[in-house]
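S.K.: Build me a structure from this.
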Amino acid sequence: MATKRRIKGSKRRRLEEALNYLEKNGAYMKYDEYLAKGYPIGSGVVEEAFRNLGKDRFELRGMSWTREGAQAMLRLRAISINGEWDDFQEYRRGKLPHDLYPNRQRFVENWPLAA
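M.R.: Prediction:
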């Protein structure tokens with residue numbers, strides 16, 4: 001069809017890229033089936049979740065984030081929003097001594113005054 005319509009140059013390359021994409025991913029583009037099952041097919045659900053989790057916080061004036069820091073913030077916000085903060089704190093308090101002092105038990109057992 002591109003030949004018939006005499007499409008050339010960069011327009012043809014873009015058209016071929018789009019067609020290759022559709023050919024490669026067409027099996028995943030069953031939007032009629034997804035809609036019938038009630039699945040969201042747009043990005044709105046993801047965008048709203050991100051806005052609720054962190055966008056407002058991340059875009060405050062003067063803020064800059066590393067990828068690791070942003071991921072940590074998103075995890076904490078998700079824990080808070082899901083009502084799991086107290087469980088998380090209990091888990092963290094139980095894990096923290098081992099993380100900070102992984103050899104503590106060995107040290108205590110070998111301490112000269114332990115006997």
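S.K.: can you list the domain ranges for the protein.
M.R.: As given by automatic domain parsing, the domain ranges for the chain are 1-41, 43-83, 85-115.
S.K.: Can you lay out these as CSV showing mean neighbour count?
M.R.: C-betas here are computed from N, CA, C, even on glycine. Formatted as CSV, these follow (neighbours: other C-beta atoms under 10 Å):
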stretch, mean neighbour count
domain 1-41, 10
domain 43-83, 11
domain 85-115, 9
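S.K.: Tell me where this structure is predicted with low confidence.
M.R.: Within the chain, the segments meeting pLDDT under 70 span 53, 56, 112-115.
S.K.: ok, which stretches of it are helices?
M.R.: Under the criterion DSSP state H, helices of the chain are mapped to 9-25, 31-36, 44-50, 56-58, 67-81, 85-100, 104-110.
S.K.: ok, the residue positioned nearest the centre of the chain to residue 77 distance?
M.R.: With distances taken as C-alpha atoms, centre = their mean, the chain has residue 71 as the residue nearest its mean C-alpha position (7.5 Å). Residue 71 is 11 Å from residue 77, where distance means C-beta to C-beta, to the nearest Å.
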